[in-house]
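Enquirer: Predicted model, plus sequence, below.
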Amino acid sequence: MGLQNRLQLVEQRLEQACARSGRRREDVRVIAVTKYVTARTAEAVVREGVTHIGENRWPDAKAKWESLGNEAIFHYIGSLQTNKAKDVIGKFDYIHSLDRISLAEAIQKRAQALDLKVCCLLQVNVSGEHSKHGLAPEEVKPFLEELRKYDRVKPVGLMTMAPYESEPEATRPVFRALRLLRDDLNESAALSEPLTELSMGMSNDFEVAVEEGATWVRLGTVLVGKEEIEEG
């Protein structure tokens, strides 16, 4: 199946998920996860109108970032090592994996040097899996309070990864818990500005994530198929 057909099917599924949950389609945005495909394929995705690109390693993203220039918005969606922040800040518009103060310090330092602010999502390990990075839910509020001292780090939302389930419905409690956590935080005094973003849902479970309030879905396989991965 070609890229255009995949995009059409994803769009239909997004519209249906929004309709089921009473949401507006324009409130859910797609991040095309292009970490396993060539720069040529990433360019094709952007030409088709998906301008948000997700990558998790700068060496893999470099050619895509250089070729797309100002045509795309880049999201860093993988765990970011503190010593790699200097390669990422200034090139990626959003960091989806802020989960420790040492990383906030590295982002702050690089952002000060470039005179900019960095939009960050806090990664939360809602499921409690040992294999996943992220803050425990109860750690998020004190972490946000500590982030206040870093004026170049702008928290805009939360991110999580649900366990892979053969039945996507089984992921619902994870996504619901992240939404409820965000809502609770917004009602507390931990924030100077509300958290608006929920980055959750991937190819296997994005419809459930949308029904539970996702504002960003991170789509790789379902959007960029085997044909494109084998290009070049």
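Expert: Arrived safely. All of these numbers come straight from a predicted model, not from anything done at the bench.
Enquirer: what's the burial count for Arg20?
Expert: Arg20: 11 surrounding residues under other Cβ atoms under 10 Å. For every residue, glycine as well, the C-beta is placed using N, CA and C.
Enquirer: what about the strands in this structure?
Expert: Secondary structure of the chain by DSSP state E: the strands cover 29-33, 52-55, 73-76, 94-98, 118-123, 153-159, 197-199, 216-219.
Enquirer: how about those strands in TSV, adding mean neighbour count, mean pLDDT and distance to Phe175?
Expert: Shown next, in TSV, are the strands of the chain (neighbours: other Cβ atoms under 10 Å; pLDDT from 0 to 100; distance: least, Cβ to Cβ, whole Å):
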stretch	mean neighbour count	mean pLDDT	distance to Phe175
strand 29-33	23	97	16
strand 52-55	24	96	18
strand 73-76	22	97	18
strand 94-98	25	98	15
strand 118-123	25	98	14
strand 153-159	22	97	11
strand 197-199	24	98	8
strand 216-219	24	98	11
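Enquirer: Figure out which of the ones you listed is closest to Leu185.
Expert: Proximity to Leu185, assessed across these by Cβ to Cβ, is greatest for strand 153-159 (8.1 Å).
Enquirer: picking that back up, could you save the strands of the chain as CSV and add columns showing distance to Ala85?
Expert: Compiled in CSV, the strands of the chain are given as follows (distance: least, Cβ to Cβ, whole Å):
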stretch, distance to Ala85
strand 29-33, 20
strand 52-55, 15
strand 73-76, 10
strand 94-98, 9
strand 118-123, 9
strand 153-159, 11
strand 197-199, 19
strand 216-219, 21
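Enquirer: I'm done for today, thanks for sticking with me.
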